[in-house]
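> dropping the sequence and predicted coords here.
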Amino acid sequence: MLLSLIPRELRFYELFKRQGELVSQTLDELCRSLVEGRSRHSHLRDLEHECDEITHDLYNLTNLTFTTPMDRDDILTLAHSLDQIVDLAEEVSDRIDLYDVGAITDPAKQLGECLAQAGREVAKAAASLDDFRGLDPVLQEVHRLENEGDAITRRALHELLDENHRTAADLIKWKDVYALLESTLDECEEVAEIIETIAIKNA
């Protein structure tokens with residue numbers, strides 16, 4: 001593995017950068033799946049497996065490194081939270097396939113677009129851990145997108161309960177899908193908050 005040739009401190013940054021890239025790729029892929037109404041679950045599952053491997057590499061590197069570039073608990077917490085975003089996105093895709101929900105609703109597409117944008121910001125934040133340069137606007141944008149996602153979810157649930165032509169099964173399925181989409185966006189905000197805390201500690 002090429003990373004084995006890189007000094008250990010830099011390897012942490014490279015692994016986090018790669019994990020951030022996987023978050024962005026995964027959320028882009030989920031967004032395309034929702035907008036196009038086509039399953040991309042097999043590719044999302046591959047990305048989820050790759051992110052698991054990077055997460056394990058970070059755990060192992062933390063255990064093997066005497067002096068880490070940031071607090072050990074922060075490294076493990078951030079690695080887990082980035083991995084959780086990818087896990088949740090894959091779960092959204094899996095649940096949509098499992099439920100055979102039919103046509104994708106407009107709010108789900110809008111949430112997918114919020115997630116794709118948040119993924120790009122998370123990738124920027126994960127790539128800035130070595131110097132935290134330009135971090136504030138990135139974190140603010142993630143917070144803004146999470147608030148936007150909350151508003152979309154509230155409207156979506158209101159519409160869902162107000163649509164008399166939907167069956168009880170449809171209501172249950174879409175409530176679950178919306179909850180998972182919102183949880184994925186919440187986890188993006190969680191990553192932003194973790195990185196903000198790390199930046200403050202290392203200022």
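Right, received. Where do you want to start? All values derive from a computational prediction rather than experimental measurement.
> biggest helix in the protein by residues?
helix 168-201 (DSSP state H).
> pLDDT of that one, averaged?
Mean pLDDT, helix 168-201: 95.
> helices or strands up against it?
helix 8-36, helix 72-99, helix 106-127, helix 135-162 (3 or more Cβ pairs under 8 Å, 6 or more residues apart in numbering; DSSP states H and E). Quick note: C-beta positions are derived from backbone N, CA and C, even for glycine.
> pull out the buried positions in the second one.
Spelled out, that is helix 72-99. Using 16 or more other Cβ atoms under 10 Å as the test for burial, helix 72-99 gives 74-75, 77-96.
> equivalent analysis for the third one, please.
With burial defined by 16+ other Cβ under 10 Å, the residues of helix 106-127 counted as buried are 107-127.
> check the first one too.
Within helix 8-36, the residues that qualify as buried are 8, 11-31, 33-34, counting by 16+ other Cβ under 10 Å.
> show me the contact partners of the helix or strand containing Tyr59.
Using DSSP states H and E, Tyr59 maps to helix 41-64. With contacts defined as Cβ atoms under 8 Å, 6 or more residues apart in numbering, helix 41-64 is touched by 3, 8, 11-12, 15-16, 18-19, 22-23, 25-26, 29-30, 33, 68, 72, 75-76, 79-80, 82-83, 86-87, 89-90, 93-94, 97.
> okay if I get the helices and strands packed on helix 168-201 as TSV plus mean pLDDT and distance to Arg45?
TSV is the format used below for these (pLDDT from 0 to 100; distance: least, Cβ to Cβ, whole Å):
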stretch	mean pLDDT	distance to Arg45
helix 8-36	94	10
helix 72-99	97	6
helix 106-127	97	17
helix 135-162	93	24
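> dump those helices to JSON lines, plus distance to Leu181.
Listed next are these as JSON lines, based on distance: least, Cβ to Cβ, whole Å:
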{"stretch": "helix 8-36", "distance to Leu181": "9"}
{"stretch": "helix 72-99", "distance to Leu181": "6"}
{"stretch": "helix 106-127", "distance to Leu181": "4"}
{"stretch": "helix 135-162", "distance to Leu181": "7"}
